[in-house]
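Peer 1: Provided below for reference: sequence and predicted model.
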Amino acid sequence: MPASAPSFDRLDRLDLPVLAQHLGLVEEIEQYLAGLPAPDRLPLLPLPALPPVEPGCDGGLYGSVHRPWNFGYPLPRRTVLDRLVRRPARPVPVTVAGHLRLTSHYLAEAGWIQGAMWDAAGRVCLLGAQTAVLAHGYGTAYTVRRARNQVMEVLHATGRPAASPDAWNDRPGRRQAEVHALLCRAEARAESLGI
């Protein structure tokens, strides 16, 4: 038989665990759980290995879940008219900042190389990643040109002048993390400009 609840003269001093104990709720819940049948044990299967994820503008490695590079953006869909006239789907509209974000995500998923737009393994350089994002139906050539302008603006503003983002990408000693950091800064610049 549960004991009567203690009297409380102030609600702000209410101690819920003590109250539950005095009302006998803990014992009642424990008795109920003890009367349930034991759950069937499922064998533990090994988890598949996930590809490494590069830290980007939107967070780090800890507590993150593997998502596709185009996460958060709809897939390009062909309309009935597109199918009838046998043309590709209209591109998904993206902002310049969105294009830079997608470029970084694509580069992280596909892998990074220098000296070529892409290789047989699917790895891409900075220009190859931008081209792949465009080829997958995100944005237009105009969006890509504006994104490349933002990258060049960041390079010059940070004292790293280069003839093009591609020349900067291909410099000896360059690392993939530097490319992601550049894309992150260019994305932040584009967001601040509202493009």
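Peer 2: Alright, I've got the coordinates. Numbering: from 1, shown residues only.

Peer 1: could you use CA atoms for every contact and neighbour count after this?
Peer 2: OK.

Peer 1: go ahead and name everything in contact with stretch 78-93.
Peer 2: The contact list for stretch 78-93 (Cα atoms under 8 Å, 6 or more residues apart in numbering) reads 74-77, 137-140.

Peer 1: let's see it at 7 Å
Peer 2: Here stretch 78-93 makes contact (Cα atoms under 7 Å, 6 or more residues apart in numbering) with 76-77, 137-140.

Peer 1: cool, and stretch 129-149?
Peer 2: Counting by Cα under 7 Å, 6+ apart, 76, 91-94, 96, 100, 102-103, 106-107 sit against stretch 129-149.

Peer 1: now restrict the contacts of stretch 78-93 to buried residues only.
Peer 2: Buried subset of these (neighbour count, 16 or more other Cα atoms under 10 Å): 137-140.

Peer 1: which among those residues gets closest to Arg67?
Peer 2: Each of those was checked against Arg67 using Cα to Cα; the closest is Tyr138, at 17.2 Å.

Peer 1: if we can go back for a sec, so which of the contacts of stretch 129-149 is the most crowded?
Peer 2: Leu100 (30 neighbours; other Cα atoms under 10 Å).

Peer 1: what's the first helix or strand after the helix or strand where Glu109 lies?
Peer 2: Glu109 is part of helix 96-110, with elements assigned from DSSP states H and E. Note on helix 96-110: by DSSP H and E, the next helix or strand toward the C-terminus is helix 126-135.

Peer 1: quick one: that next one to helix 96-110, angle?
Peer 2: Between the axes of helix 126-135 and helix 96-110, defined by axes from the mean of the first three to the mean of the last three Cα atoms, to 10 degrees, the angle is 110 degrees.
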